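Colleague: Attaching a predicted model along with its sequence, questions to come.
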Amino acid sequence: MNEWEWQLLEDKTAVDHISLEGIEVRVGHRVRLRPRHGGDVLDLALAGQIAHIQSLEQDYEGKVHICVVLEDDPGRDLGLLRQPGHRFFFDSGEVEPLPPEEAQPEAALEQPRILVAGIGNIFLGDDGFGVEVVRRLATRALPGSVRVADFGIRALDLAYALQDGYETVILVDAHPHGCSPGTVSLVEPDLSGIGDQEQPVIETHGMNPLKVLQLAATMNGSLQKILLIGCEPATLGGEEGTMGLSEPVDSAVEEAVTLAVKVVEELLHKPTI
C-alpha cells in the first residue's frame, strides 16, 4: 500500500455503528448471516450462522462492509486478531440483526484489555525467545481479558493488532542490552514522539518492534501502554542461522512466563482512577 492509499484510509471517518433494519448494531454485537442468492459455496455454508461483528470497514468510496467472526468457529480468536481464514466480509443487506436481548456477546468474546505478543524468528537462535515464551504461556489459565498470540515475524499482523484498543500490550522478545545471556528484564519503552516520525518501511517477512510501533502510531493506533519482557541472547544464529535456543536463554523461558503472569495480574488488579 502506498502513501496515497494510506492517506485515503486515514481520512475516512471511523465507523462505530450502523443501522440494520432500523436496529443499531456495533462492533461485538451478534448477528445472523444471510448471504445473497447466487453466491459461492462458502456463502451457502455460512447462511444462517451466528457471527460477531469484528469491525466495520469503510472502503475508498465510503461504502461500509461488515467484518465478522463466526460464533462456532474454534479459531475465532484468530479472527479477532485479524488472521485470514477466520474473518468474513458482508454487505449490510447480507446481515440480519438479532433482537436486542440476544445481540450482546458473551463476556468471553468481548475485546480483551491486554495483548501478550511473542515476536521473533525461530530460525535465528535466541531470536525465537518470544515465540517460545508465548507458546508456554498459552497453556496457562488466563482471564478472558488477556489474549496471548505468537506473531513471529509477521510485522504487519502485529501493527494491525495494535489498532484494536488494548489497554496494555506486552511484547516478548530477545533484547540485547549488554547483560549476561539469559538475563530477563521488564522495560517500558519511551514512546513519546513516536507518532511524529516518518512512516517506516517494514519488511513483510521481518520483525523490527520499533518500526512496528512507529507504523501502528501512523495508523492512528492508541498505543496506550507498551511493555517489553526481554531476554539477553547468547546467539542470534550466525550467518546461516540455527534453530533452538541457547542453554542460558532456554533456562530463562520459564522465568519470563512467570514474569508475564505476574505483570498481567498486577495490571488487571490495578485500580482505575
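Modeller: Structure's in. What do you need?
Colleague: CA atoms for contacts and neighbours, from now on please.
Modeller: OK.
Colleague: Surely residue 245 is within a helix?
Modeller: No. Checked against DSSP: H, G, I helix; E, B strand; the rest coil, residue 245 lies outside a helix; its state is coil.
Colleague: what's the distance between it and residue 226?
Modeller: In this view, residue 245 and residue 226 are 25 Å apart by C-alpha to C-alpha, to the nearest Å.
Colleague: who has more neighbours, those two?
Modeller: More neighbours sit around residue 245 than around the other of residue 245 and residue 226, counting by other C-alpha atoms under 10 Å; the figures are 24 against 18.
Colleague: which residues touch the more buried one?
Modeller: Shown in contact with residue 245 (C-alpha atoms under 8 Å, 6 or more residues apart in numbering): 125-126, 128-129.
Colleague: again with residue 33
Modeller: By C-alpha under 8 Å, 6+ apart, the contact list for residue 33 reads 46-51, 94-96.
Colleague: Next: residue 130.
Modeller: Neighbouring residues of residue 130 by C-alpha under 8 Å, 6+ apart: 117-120, 171-174, 230.
Colleague: Residue 65 versus residue 239, what's the distance?
Modeller: According to C-alpha to C-alpha, residue 239 stands 46 Å off from residue 65.
Colleague: who has more neighbours, those two?
Modeller: Set residue 239 next to residue 65 and count neighbours by other C-alpha under 10 Å: residue 65 wins out with 16 against 7.
Colleague: if we can go back for a sec, what about burial for the contacts of residue 33, which qualify?
Modeller: Buried subset of the contacts of residue 33 (neighbour count, 16 or more other C-alpha atoms under 10 Å): 46-47, 50-51, 94-96.
Colleague: Looking at those residues, which are in strands?
Modeller: 50-51, 95-96 (DSSP state E).
Colleague: Would you mind giving those as a markdown table with distance to residue 156 added?
Modeller: A markdown table is the format used below for these (distance: C-alpha to C-alpha, whole Å):
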| residue | distance to residue 156 |
| --- | --- |
| 50 | 29 |
| 51 | 25 |
| 95 | 29 |
| 96 | 32 |
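Colleague: Closest one of those residues to residue 178?
Modeller: Checking those against residue 178 by C-alpha to C-alpha gives residue 51 as the nearest, at 48.9 Å.
Colleague: and the residue nearest to the closest one when sequence neighbours are not counted, how many neighbours?
Modeller: Distance criterion C-alpha to C-alpha, 6 or more residues apart in numbering; nearest residue to residue 51, sequence neighbours excluded, is residue 70 at 4.2 Å. Counted with other C-alpha under 10 Å, the neighbours of residue 70 add up to 23.
Colleague: check which helix or strand covers residue 31.
Modeller: Using DSSP states H and E, residue 31 sits in strand 30-33.
Colleague: How are the strands of this protein distributed by residue range?
Modeller: Here the chain has its strands, by DSSP E, at 17-20, 23-26, 30-33, 50-58, 64-70, 88-90, 95-97, 114-119, 146-152, 168-174, 184-187, 226-231.
Colleague: pLDDT on the strand holding residue 31, on average?
Modeller: Confidence over strand 30-33 (mean pLDDT, whole number) is 90.
Colleague: quick one on the thing from earlier: surely the residue nearest to residue 51 touches residue 49?
Modeller: Yes. Using C-alpha atoms under 8 Å, residue 70 is in contact with residue 49, at 7.2 Å.
Colleague: Now residue 59. Its backbone dihedrals?
Modeller: phi -90, psi -180 (degrees, to the nearest 10).
Colleague: Would you mind giving the strands of the chain as JSON lines with distance to residue 269 added?
Modeller: Shown next, in JSON lines, are the strands of the chain (distance: least, C-alpha to C-alpha, whole Å):
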{"stretch": "strand 17-20", "distance to residue 269": "31"}
{"stretch": "strand 23-26", "distance to residue 269": "28"}
{"stretch": "strand 30-33", "distance to residue 269": "29"}
{"stretch": "strand 50-58", "distance to residue 269": "27"}
{"stretch": "strand 64-70", "distance to residue 269": "30"}
{"stretch": "strand 88-90", "distance to residue 269": "35"}
{"stretch": "strand 95-97", "distance to residue 269": "35"}
{"stretch": "strand 114-119", "distance to residue 269": "12"}
{"stretch": "strand 146-152", "distance to residue 269": "13"}
{"stretch": "strand 168-174", "distance to residue 269": "13"}
{"stretch": "strand 184-187", "distance to residue 269": "19"}
{"stretch": "strand 226-231", "distance to residue 269": "17"}
